[in-house]
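K.L.:
The following comprises the amino acid sequence and a computationally predicted model.
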Amino acid sequence: MVDMAMHMMDVVQNSIRAQSKEIEIGFFEDSSNHTLTFRVEDDGCGMSREAVQKLADPFFTTRTTRRAGLGIPLLKMTCEQAGGALSVLSEAGGGTVVEAVYRTDHPDCLPLGDIAGYLALLLKANPGIRIRFAYRMDKALFTIDSHELQKEGVDVLCPGMMSAVKEYIRQNLNELYTKRPSGSLLCR
Amino acid sequence: MDGIKTLADLKKKQEEVRSRIDLRNRAESPESIVQVKVAMATCGIASGAKEVMEYFVEELDKRSIDAVVTQTGCMGYCFAEPTVEITMPGKEPMVFGYVNARKADEIIERYIKEGELVDGIIPQNYNTI
(Lines give C-alpha, C1' and ligand atoms only; values in the text may rest on other atoms or scores of the structure.)
Protein backbone atom coordinates (compact mmCIF):
# COMPACT_ATOMS: atom_id res chain seq x y z
CA MET A 1 0.00 0.00 0.00
CA VAL A 2 1.70 3.16 -1.15
CA ASP A 3 -1.06 5.65 -0.47
CA MET A 4 -4.21 6.22 1.58
CA ALA A 5 -6.56 5.84 -1.36
CA MET A 6 -5.46 2.20 -1.61
CA HIS A 7 -6.18 1.70 2.08
CA MET A 8 -9.58 3.29 1.52
CA MET A 9 -10.44 0.82 -1.24
CA ASP A 10 -9.14 -2.06 0.87
CA VAL A 11 -11.11 -1.23 4.02
CA VAL A 12 -14.28 -0.48 2.03
CA GLN A 13 -13.91 -3.82 0.27
CA ASN A 14 -14.03 -5.41 3.75
CA SER A 15 -17.27 -3.52 4.42
CA ILE A 16 -18.74 -4.71 1.14
CA ARG A 17 -17.83 -8.28 2.00
CA ALA A 18 -19.62 -7.80 5.34
CA GLN A 19 -22.85 -7.14 3.38
CA SER A 20 -23.08 -3.47 4.31
CA LYS A 21 -25.88 -1.38 2.88
CA GLU A 22 -24.47 1.95 4.00
CA ILE A 23 -20.82 2.89 4.12
CA GLU A 24 -19.46 6.19 5.38
CA ILE A 25 -15.94 7.18 4.44
CA GLY A 26 -14.25 10.14 6.05
CA PHE A 27 -10.92 11.94 5.87
CA PHE A 28 -10.57 14.63 8.49
CA GLU A 29 -7.54 16.87 8.49
CA ASP A 30 -6.85 18.92 11.59
CA SER A 31 -3.98 21.30 10.92
CA SER A 32 -3.71 22.62 14.48
CA ASN A 33 -3.09 19.13 15.86
CA HIS A 34 -1.25 17.94 12.72
CA THR A 35 -3.44 14.88 12.34
CA LEU A 36 -5.36 13.22 9.58
CA THR A 37 -8.10 10.84 10.66
CA PHE A 38 -9.20 8.27 8.14
CA ARG A 39 -12.45 6.63 9.10
CA VAL A 40 -14.76 4.05 7.58
CA GLU A 41 -18.06 3.17 9.19
CA ASP A 42 -20.43 0.52 7.90
CA ASP A 43 -23.61 -1.27 8.91
CA GLY A 44 -22.37 -4.69 7.92
CA CYS A 45 -22.34 -7.94 9.85
CA GLY A 46 -19.64 -6.81 12.28
CA MET A 47 -17.19 -9.01 14.15
CA SER A 48 -17.08 -10.81 17.45
CA ARG A 49 -14.82 -9.54 20.24
CA GLU A 50 -12.34 -12.38 19.60
CA ALA A 51 -12.14 -11.50 15.91
CA VAL A 52 -11.45 -7.82 16.68
CA GLN A 53 -8.63 -8.81 19.04
CA LYS A 54 -7.04 -10.98 16.37
CA LEU A 55 -7.38 -8.40 13.58
CA ALA A 56 -3.82 -7.13 13.74
CA ASP A 57 -2.49 -10.66 13.28
CA PRO A 58 -1.60 -11.13 9.61
CA PHE A 59 -2.32 -14.83 9.88
CA PHE A 60 -5.87 -14.29 11.02
CA THR A 61 -8.53 -14.32 8.34
CA THR A 62 -12.09 -15.51 7.94
CA ARG A 63 -11.77 -16.28 4.28
CA THR A 64 -11.08 -19.77 3.08
CA THR A 65 -9.27 -18.97 -0.17
CA ARG A 66 -5.98 -18.15 1.51
CA ARG A 67 -4.48 -18.22 4.98
CA ALA A 68 -3.33 -14.64 5.44
CA GLY A 69 -5.18 -11.35 5.86
CA LEU A 70 -2.93 -8.35 5.36
CA GLY A 71 -5.34 -5.44 4.89
CA ILE A 72 -5.76 -4.34 8.49
CA PRO A 73 -2.20 -5.24 9.59
CA LEU A 74 -0.82 -3.06 6.76
CA LEU A 75 -3.12 -0.18 7.70
CA LYS A 76 -1.99 -0.50 11.32
CA MET A 77 1.63 -0.52 10.20
CA THR A 78 1.38 2.56 7.98
CA CYS A 79 -0.43 4.69 10.56
CA GLU A 80 1.82 3.58 13.43
CA GLN A 81 4.98 4.28 11.45
CA ALA A 82 3.64 7.80 10.96
CA GLY A 83 3.18 8.19 14.71
CA GLY A 84 -0.54 7.50 14.65
CA ALA A 85 -2.79 4.71 15.82
CA LEU A 86 -5.51 2.42 14.58
CA SER A 87 -8.73 1.60 16.35
CA VAL A 88 -11.42 -0.83 15.30
CA LEU A 89 -14.80 -0.88 17.00
CA SER A 90 -17.17 -3.65 16.10
CA GLU A 91 -19.72 -6.01 17.45
CA ALA A 92 -21.32 -9.03 15.89
CA GLY A 93 -24.35 -7.87 13.94
CA GLY A 94 -23.75 -4.21 14.72
CA GLY A 95 -21.48 -2.84 12.02
CA THR A 96 -17.87 -1.74 12.21
CA VAL A 97 -15.91 1.48 12.61
CA VAL A 98 -12.29 1.56 11.48
CA GLU A 99 -10.39 4.67 12.43
CA ALA A 100 -6.76 5.32 11.57
CA VAL A 101 -4.99 8.46 12.77
CA TYR A 102 -1.93 9.70 10.91
CA ARG A 103 0.44 12.45 12.06
CA THR A 104 0.74 14.86 9.17
CA ASP A 105 3.91 16.38 10.63
CA HIS A 106 5.64 12.99 10.39
CA PRO A 107 7.86 12.40 7.36
CA ASP A 108 6.57 8.83 7.01
CA CYS A 109 2.95 9.91 6.61
CA LEU A 110 1.53 8.29 3.47
CA PRO A 111 0.50 10.45 0.53
CA LEU A 112 -3.23 10.65 -0.15
CA GLY A 113 -3.15 9.10 -3.62
CA ASP A 114 -5.92 8.98 -6.17
CA ILE A 115 -8.92 9.18 -3.83
CA ALA A 116 -11.18 10.47 -6.63
CA GLY A 117 -10.33 7.53 -8.91
CA TYR A 118 -10.99 4.88 -6.29
CA LEU A 119 -14.15 6.58 -5.07
CA ALA A 120 -15.58 6.82 -8.59
CA LEU A 121 -14.88 3.11 -9.08
CA LEU A 122 -16.59 2.30 -5.79
CA LEU A 123 -19.67 4.30 -6.80
CA LYS A 124 -19.75 2.67 -10.22
CA ALA A 125 -19.23 -0.90 -9.04
CA ASN A 126 -21.63 -0.86 -6.09
CA PRO A 127 -24.90 0.76 -7.13
CA GLY A 128 -26.79 -1.15 -4.42
CA ILE A 129 -24.81 0.34 -1.56
CA ARG A 130 -25.22 3.86 -0.23
CA ILE A 131 -21.76 5.33 -0.09
CA ARG A 132 -21.18 8.61 1.69
CA PHE A 133 -17.83 10.32 1.51
CA ALA A 134 -16.59 13.37 3.37
CA TYR A 135 -13.27 15.19 3.29
CA ARG A 136 -12.78 17.88 5.88
CA MET A 137 -9.87 20.30 5.76
CA ASP A 138 -10.18 22.14 9.09
CA LYS A 139 -13.47 23.96 8.47
CA ALA A 140 -13.84 23.41 4.75
CA LEU A 141 -15.84 20.33 3.82
CA PHE A 142 -16.57 18.34 0.68
CA THR A 143 -19.17 15.59 0.73
CA ILE A 144 -20.64 13.26 -1.83
CA ASP A 145 -23.48 10.82 -1.29
CA SER A 146 -24.51 8.17 -3.78
CA HIS A 147 -28.19 8.59 -2.82
CA GLU A 148 -28.04 12.35 -3.39
CA LEU A 149 -26.45 11.81 -6.80
CA GLN A 150 -29.24 9.43 -7.77
CA LYS A 151 -31.85 11.91 -6.55
CA GLU A 152 -30.29 14.63 -8.68
CA GLY A 153 -30.52 12.35 -11.69
CA VAL A 154 -26.81 11.64 -11.96
CA ASP A 155 -26.41 8.01 -13.00
CA VAL A 156 -22.86 6.72 -12.56
CA LEU A 157 -23.78 3.56 -14.45
CA CYS A 158 -24.40 5.57 -17.59
CA PRO A 159 -21.50 5.23 -20.07
CA GLY A 160 -19.06 8.10 -19.71
CA MET A 161 -20.41 9.31 -16.37
CA MET A 162 -17.84 7.59 -14.19
CA SER A 163 -15.05 9.81 -15.51
CA ALA A 164 -17.26 12.88 -15.01
CA VAL A 165 -17.91 11.94 -11.38
CA LYS A 166 -14.20 11.30 -10.91
CA GLU A 167 -13.38 14.73 -12.33
CA TYR A 168 -15.99 16.34 -10.07
CA ILE A 169 -14.48 14.73 -6.97
CA ARG A 170 -10.91 15.47 -8.09
CA GLN A 171 -11.52 19.16 -8.70
CA ASN A 172 -13.33 19.63 -5.39
CA LEU A 173 -10.61 17.79 -3.46
CA ASN A 174 -7.89 19.80 -5.20
CA GLU A 175 -9.58 22.99 -4.10
CA LEU A 176 -9.69 21.72 -0.52
CA TYR A 177 -5.98 20.85 -0.67
CA THR A 178 -5.15 24.47 -1.53
CA LYS A 179 -6.55 25.47 1.87
CA ARG A 180 -4.02 23.31 3.69
CA PRO A 181 -1.68 25.49 5.76
CA SER A 182 2.04 25.15 5.11
CA GLY A 183 3.96 22.89 7.46
CA SER A 184 1.97 19.78 6.73
CA LEU A 185 3.98 16.92 5.26
CA LEU A 186 0.88 15.37 3.76
CA CYS A 187 0.93 15.35 -0.01
CA ARG A 188 -1.44 14.35 -2.77
CA MET B 1 -12.43 17.01 -19.37
CA ASP B 2 -12.87 20.60 -18.31
CA GLY B 3 -14.55 22.18 -15.36
CA ILE B 4 -16.88 19.78 -13.62
CA LYS B 5 -16.89 21.35 -10.24
CA THR B 6 -20.42 21.72 -9.05
CA LEU B 7 -23.36 19.37 -8.92
CA ALA B 8 -24.94 21.50 -11.65
CA ASP B 9 -21.96 20.83 -13.95
CA LEU B 10 -22.34 17.14 -13.22
CA LYS B 11 -26.05 17.24 -14.08
CA LYS B 12 -25.28 19.10 -17.31
CA LYS B 13 -22.78 16.42 -18.24
CA GLN B 14 -25.41 13.78 -17.53
CA GLU B 15 -27.83 15.49 -19.95
CA GLU B 16 -25.10 15.64 -22.57
CA VAL B 17 -24.32 11.97 -22.19
CA ARG B 18 -28.03 11.09 -22.33
CA SER B 19 -28.62 12.95 -25.55
CA ARG B 20 -25.45 11.71 -27.21
CA ILE B 21 -25.85 8.02 -26.54
CA ASP B 22 -29.12 6.32 -27.19
CA LEU B 23 -29.44 4.45 -23.96
CA ARG B 24 -28.91 0.81 -24.63
CA ASN B 25 -31.64 -1.20 -23.09
CA ARG B 26 -30.08 -2.59 -20.02
CA ALA B 27 -31.02 -6.23 -19.81
CA GLU B 28 -33.28 -7.08 -16.94
CA SER B 29 -31.39 -10.12 -15.75
CA PRO B 30 -27.64 -9.90 -15.15
CA GLU B 31 -27.24 -13.36 -16.71
CA SER B 32 -27.81 -12.00 -20.18
CA ILE B 33 -24.93 -9.51 -20.21
CA VAL B 34 -21.20 -9.85 -19.78
CA GLN B 35 -20.08 -9.71 -16.16
CA VAL B 36 -16.57 -8.55 -15.35
CA LYS B 37 -15.38 -8.95 -11.78
CA VAL B 38 -12.06 -7.42 -10.82
CA ALA B 39 -10.43 -8.80 -7.67
CA MET B 40 -9.99 -5.81 -5.38
CA ALA B 41 -8.62 -7.17 -2.14
CA THR B 42 -5.32 -6.12 -0.58
CA CYS B 43 -3.33 -8.24 -3.04
CA GLY B 44 -5.18 -6.93 -6.08
CA ILE B 45 -5.02 -3.27 -5.05
CA ALA B 46 -1.30 -3.54 -4.34
CA SER B 47 -0.60 -4.94 -7.80
CA GLY B 48 -2.60 -2.39 -9.75
CA ALA B 49 -6.17 -3.67 -10.02
CA LYS B 50 -7.49 -0.10 -10.09
CA GLU B 51 -5.91 0.70 -13.46
CA VAL B 52 -7.26 -2.57 -14.87
CA MET B 53 -10.75 -1.89 -13.55
CA GLU B 54 -10.78 1.68 -14.89
CA TYR B 55 -9.59 0.34 -18.24
CA PHE B 56 -12.39 -2.21 -18.40
CA VAL B 57 -15.05 0.35 -17.42
CA GLU B 58 -13.89 2.92 -19.95
CA GLU B 59 -13.11 0.59 -22.84
CA LEU B 60 -16.31 -1.47 -22.57
CA ASP B 61 -18.24 1.83 -22.61
CA LYS B 62 -16.28 3.08 -25.62
CA ARG B 63 -16.64 -0.15 -27.56
CA SER B 64 -20.36 -0.28 -26.78
CA ILE B 65 -20.30 -3.67 -25.13
CA ASP B 66 -23.09 -4.25 -22.65
CA ALA B 67 -21.28 -5.33 -19.54
CA VAL B 68 -21.36 -4.79 -15.84
CA VAL B 69 -18.01 -4.27 -14.13
CA THR B 70 -17.90 -4.94 -10.42
CA GLN B 71 -15.30 -5.50 -7.78
CA THR B 72 -14.90 -8.63 -5.77
CA GLY B 73 -12.69 -9.89 -2.98
CA CYS B 74 -9.64 -12.10 -3.15
CA MET B 75 -10.21 -15.24 -5.19
CA GLY B 76 -7.14 -16.94 -3.76
CA TYR B 77 -4.87 -16.35 -6.75
CA CYS B 78 -2.76 -13.68 -5.09
CA PHE B 79 0.30 -14.84 -7.05
CA ALA B 80 -1.40 -13.87 -10.32
CA GLU B 81 -2.91 -10.51 -9.37
CA PRO B 82 -4.47 -8.48 -10.86
CA THR B 83 -7.04 -11.17 -11.66
CA VAL B 84 -10.31 -10.72 -13.50
CA GLU B 85 -13.26 -13.10 -13.64
CA ILE B 86 -15.37 -12.86 -16.77
CA THR B 87 -18.75 -14.50 -17.13
CA MET B 88 -20.13 -14.57 -20.64
CA PRO B 89 -23.89 -15.10 -20.92
CA GLY B 90 -24.65 -18.78 -20.53
CA LYS B 91 -21.03 -19.78 -19.96
CA GLU B 92 -18.90 -20.82 -17.02
CA PRO B 93 -16.95 -17.99 -15.35
CA MET B 94 -13.36 -17.70 -16.60
CA VAL B 95 -10.55 -16.29 -14.48
CA PHE B 96 -7.63 -14.47 -16.12
CA GLY B 97 -4.42 -13.72 -14.24
CA TYR B 98 -1.60 -11.16 -14.59
CA VAL B 99 -3.97 -8.70 -16.27
CA ASN B 100 -2.67 -5.29 -17.31
CA ALA B 101 -4.09 -2.79 -19.80
CA ARG B 102 -2.60 -4.69 -22.76
CA LYS B 103 -3.93 -8.01 -21.55
CA ALA B 104 -7.31 -6.42 -20.84
CA ASP B 105 -7.46 -5.17 -24.43
CA GLU B 106 -6.72 -8.69 -25.68
CA ILE B 107 -9.40 -10.14 -23.39
CA ILE B 108 -12.01 -7.67 -24.66
CA GLU B 109 -11.12 -8.12 -28.32
CA ARG B 110 -10.63 -11.86 -28.38
CA TYR B 111 -12.52 -13.42 -25.48
CA ILE B 112 -15.47 -11.09 -24.97
CA LYS B 113 -16.03 -10.23 -28.63
CA GLU B 114 -14.99 -13.45 -30.36
CA GLY B 115 -15.23 -16.07 -27.65
CA GLU B 116 -11.65 -17.23 -28.29
CA LEU B 117 -9.60 -18.35 -25.34
CA VAL B 118 -6.49 -16.29 -24.62
CA ASP B 119 -3.34 -17.01 -22.61
CA GLY B 120 -3.34 -16.46 -18.89
CA ILE B 121 -6.42 -18.40 -17.88
CA ILE B 122 -6.30 -19.75 -14.36
CA PRO B 123 -7.96 -23.15 -14.34
CA GLN B 124 -10.36 -23.01 -11.42
CA ASN B 125 -13.32 -25.17 -12.23
CA TYR B 126 -12.03 -28.69 -12.58
CA ASN B 127 -14.69 -31.27 -13.15
CA THR B 128 -13.97 -34.85 -12.27
CA ILE B 129 -15.40 -37.47 -14.53
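P.N.:
Structure's in. What do you need? Numbering: from 1, shown residues only, chains lettered A, B, ... in the order given.
K.L.:
Residues of chain B that sit close to chain A?
P.N.:
Neighbours of chain A within chain B, by CB under 8 Å from any CB of the partner chain: B:1, B:3-5, B:7, B:9-11, B:13-14, B:17-18, B:21, B:23, B:40-43, B:45-46, B:50, B:53-54, B:57-58, B:61, B:69-71, B:73-76, B:78. Any C-beta I mention is one placed from the backbone N, CA and C, and that applies to glycine too.
K.L.:
remind me which residues of the chain are low pLDDT?
P.N.:
Here I'm looking at chain A. Along chain A, no part satisfies pLDDT under 70.
K.L.:
my question was about chain B
P.N.:
Ranges of chain B meeting pLDDT under 70: B:1-2, B:19-31, B:125-129.
K.L.:
Let me see the ranges of the strands in it.
P.N.:
B:34-39, B:67-72, B:84-87, B:94-96, B:121-122 (DSSP state E).
K.L.:
Distance to residue A:76 and mean neighbour count added to those strands, as a markdown table?
P.N.:
A markdown table is the format used below for the strands of chain B (distance: least, CB to CB, whole Å; neighbours: other CB atoms under 10 Å in any protein chain shown):
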| stretch | distance to residue A:76 | mean neighbour count |
| --- | --- | --- |
| strand B:34-39 | 23 | 23 |
| strand B:67-72 | 23 | 20 |
| strand B:84-87 | 29 | 21 |
| strand B:94-96 | 31 | 21 |
| strand B:121-122 | 31 | 15 |
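K.L.:
Can I get those strands in TSV including distance to residue A:26?
P.N.:
Output for those, formatted as TSV (distance: least, CB to CB, whole Å):
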stretch	distance to residue A:26
strand B:34-39	25
strand B:67-72	21
strand B:84-87	30
strand B:94-96	34
strand B:121-122	37
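K.L.:
ok so, going back, buried ones from the residues of chain B next to chain A, can you make that a PyMOL selection?
P.N.:
One line in PyMOL is enough to select the buried ones among these; burial here means 16 or more other CB atoms under 10 Å in any protein chain shown:
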select buried, chain B and resi 4+9+10+13+14+17+40+41+42+43+45+46+50+53+54+57+61+69+70+71+73+74+75+76+78
